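3D, please:
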Amino acid sequence: MSFQNLGLIEPILKALETEGYSNPTPIQAQAIPQVLERRDLLGCAQTGTGKTAAFSLPVLQLLHERKVPHRHIRTLVLTPTRELAIQINDSLTAYGRNLHVGHTVIFGGVSQNPQTDALRKNPGILVATPGRLLDLMQQGYVDLSHLEIFILDEADRMLDMGFINDVKRVIAKLPPRKQTLFFSATMPPEIQKLADSLLHNPVKVEVTPPSSTVDKIDQSLYYTNRADKVKLLIHLLKELPIKNALVFTRTKHGADKVVRMLQKASISSSAIHGNKSQNQRQNALNNFKEGKIRILVATDIAARGIDIDELPYVFNCDLPEVPETYVHRIGRTGRAGLSGKSISFCDQEQLDEWKAIRKLIGKDIDIVQDHPFPMDTTVTPAPRPSPSNQSRPPRRDFRRR
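This is a model prediction of the structure:
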C-alpha cells in the first residue's frame, strides 16, 4: 500500500515525496482514512511507529479543505514534553509545505513573548505542553472555543510525569462537540477512564511493537560487575571506532554519574532526564545532533520521542526491567535501512532481566568474553526483596512543562 491509496490530496503527497516517504506504516494506513472521515480514534502505539504522521497528515488536509478562513485555533495537539512538541511542529511544517495551514508550538522553560506573538497570527493548529498552555489560557492568549479537533498524544506519559490533572483542566475548557484523537502506548486504568470520557464511538487502532529486533542491528553482550560498567564503557569508547552513541541508564542519578565519569575520561557527553530543565535537555540533544558532544546519556522516559538520524551505536549500561523496552531502546539505531550496533552490559543482579530479553527476542546474541572487566562469578548477588516486602514507590514530583 502507498500513501496514494489513503485518500490524501496531491499537495500532501508531493510533500511526502519530498520527504522521501512512499509507504505508510501500519498505524498510518489504519488511522489516516478514519481521521479523514472525522471519526474519533483511540490509538495504542509507542513512539517510533509513525503516529505523528498518522494524525498530522489528515488533520492538515481537513483544515486545508475548510471553506472558511482560519481566524481561530481549530486543532489542538497536547503533548507532554518540549522535545515532542517541537518534533510535531516540525512535522507539520514538512507535511504542510504545499498548504496554507498555519501552526505554532508553545512550551514552558522559555520566554512566552515569541509564542504570544505567534498566537496573535491565529494559527489553525496549536501544538502545546500542558503547563504553558494553561498559563497562556489564563492570561487570555489562547481561545479554544472554536476548536474542532483535539489530539492527546502520549497520554500514559502525561500520567507518568504528573501532568494528568493539567490535562483534565485543559479538557474541561474544550467545546463538547469535536473530533478527538487519543494516543497512548499503554492503557493503565486512569488513562482508559479518560479515553472513555473523551471519545465517542471511536475506531481503535492498535500497533504492537515488534518483539523481534531489526536484523541489521548487530547485538552483543558483556558480562561485567556493576561497579565496572562505566569503566568498560570508557574502554570501548576508546578502543572502538565510535563517533557517537546513545547510552541508556535506569535512573537519573545513574545518568549523571556516567556523564561525570565520561567527562573525567575526556569524553564529551551530556545527560537528559526528568531532573534536567527543558532548556538543558534541548541543548544536550541539539549538541549531540550537531556533533558537539560524542555521547548522550538518557533514561527511558526522557529519551521517549527523540528521533536521531544515523545513530550507529546504542549502549545499555543498565538492562531495562521490562524486556520490550530493550527492543525499543536498540531500535534507535539501524533506522531507515542503515546498520547499527547495540552493546549491553549485564551484572549478576540483572541475569533474570537478560534471560527475559533473550526469551522475548528469540535469537542468539554474541557474548563477548575477552575484555578487561569480566564479571566476578565468586560473588553471590544479594537476594531481591519479595513484592510483599517492597516499599511503595515515592510519588513523582509535579513539574510543569
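
residues in contact with the residue nearest to residue 78 when sequence neighbours are not counted?
The spatially closest residue to residue 78, leaving aside those adjacent along the chain, is residue 152, at 5.3 Å (CB to CB, 6 or more residues apart in numbering). C-beta coordinates here come from the backbone N, C-alpha and C atoms, glycine included. Counting by CB atoms under 8 Å, 6 or more residues apart in numbering, residue 152 touches 78, 158, 167, 180-183, 198.

any idea how far residue 238 lies from residue 60?
To residue 60, residue 238 is 47 Å away according to CB to CB, to the nearest Å.

Between the two, which has more neighbouring residues?
Applying other CB atoms under 10 Å to residue 238 and residue 60 shows that residue 60 carries more neighbours, namely 26 against 11.

ok, and that one, which helix or strand is that part of?
Assigning secondary structure by DSSP states H and E places residue 60 in helix 51-64.

I'd like to know which elements the helix or strand following that helix is packed against.
Once the chain leaves helix 51-64, the next helix or strand it forms, by DSSP H and E, is strand 75-78. Applying 3 or more CB pairs under 8 Å, 6 or more residues apart in numbering; DSSP states H and E, we find strand 75-78 packed against helix 51-64, strand 125-128, strand 149-152, helix 164-172.

hang on, the earlier thing: remind me what the helix holding residue 60 packs against, helices and strands.
Checking 3+ CB pairs under 8 Å, 6+ apart, helix 51-64 ends up next to helix 10-19, helix 26-36, strand 41-44, strand 75-78, helix 82-95, strand 125-128, strand 149-152, strand 179-184.

who wins for proximity to residue 291 among these?
Among the helices and strands packed on helix 51-64, helix 82-95 comes nearest to residue 291, with 18.7 Å by CB to CB.

so what strands line up beside the next helix or strand after that closest one?
Next helix or strand after helix 82-95 toward the C-terminus (DSSP H and E): strand 103-106. Strand pairing for strand 103-106, using DSSP bridges, gives strand 125-128 (parallel).

Rounded mean pLDDT for the strand it pairs with, please.
If you average the pLDDT over strand 125-128, you get 97.

mind listing what's buried in it?
Buried residues in strand 125-128, counted by 16 or more other CB atoms under 10 Å: 125-128.

by contact count, what packs against the very next helix or strand once past that strand?
Once the chain leaves strand 125-128, the next helix or strand it forms, by DSSP H and E, is helix 130-138. Under the contact definition 3+ CB pairs under 8 Å, 6+ apart, helix 130-138 sits against strand 103-106, helix 113-119, helix 164-172.

what does the shortest one contact?
This means strand 103-106. Residues contacting strand 103-106 (CB under 8 Å, 6+ apart): 85-86, 88-89, 92-93, 96, 112, 115, 118-119, 121, 123-129, 132-133, 136, 142.

buried ones in stretch 98-113?
In stretch 98-113, counting by 16+ other CB under 10 Å, buried: 99, 101-109, 112.

May I ask which two of the residues you listed are separated the most?
Farthest pair in the buried residues of stretch 98-113, by CB to CB: 99 and 109, 29.9 Å.

Dig out what the nearest residue to residue 198 once chain neighbours are set aside forms beta bridges with.
Spatial nearest neighbour of residue 198, excluding adjacent residues (CB to CB, 6+ apart): residue 180 at 5.1 Å. Under the criterion DSSP bridges, residue 180 forms beta bridges with residue 150.

Just give me the neighbour total for residue 180.
Quick note: residue 180 (other CB under 10 Å) scores 19 neighbours.

so residue 64 sits right up against residue 100, yeah?
Yes. Residue 64 lies in contact with residue 100 (CB atoms under 8 Å); the separation is 7.3 Å.

Name the residues that touch the helix holding residue 60?
By CB under 8 Å, 6+ apart, helix 51-64 touches 3, 8-9, 11-12, 16, 21, 24-25, 27-28, 31-32, 35-36, 38, 43, 45, 70, 74-75, 77, 87-88, 91-92, 95-96, 99-101, 124-125, 149, 151, 153, 181, 183, 205.

how far does that helix sit from the chain's center?
From the chain centre to the centre of helix 51-64 is a distance of 19 Å (CA atoms, centre = their mean, to the nearest Å).
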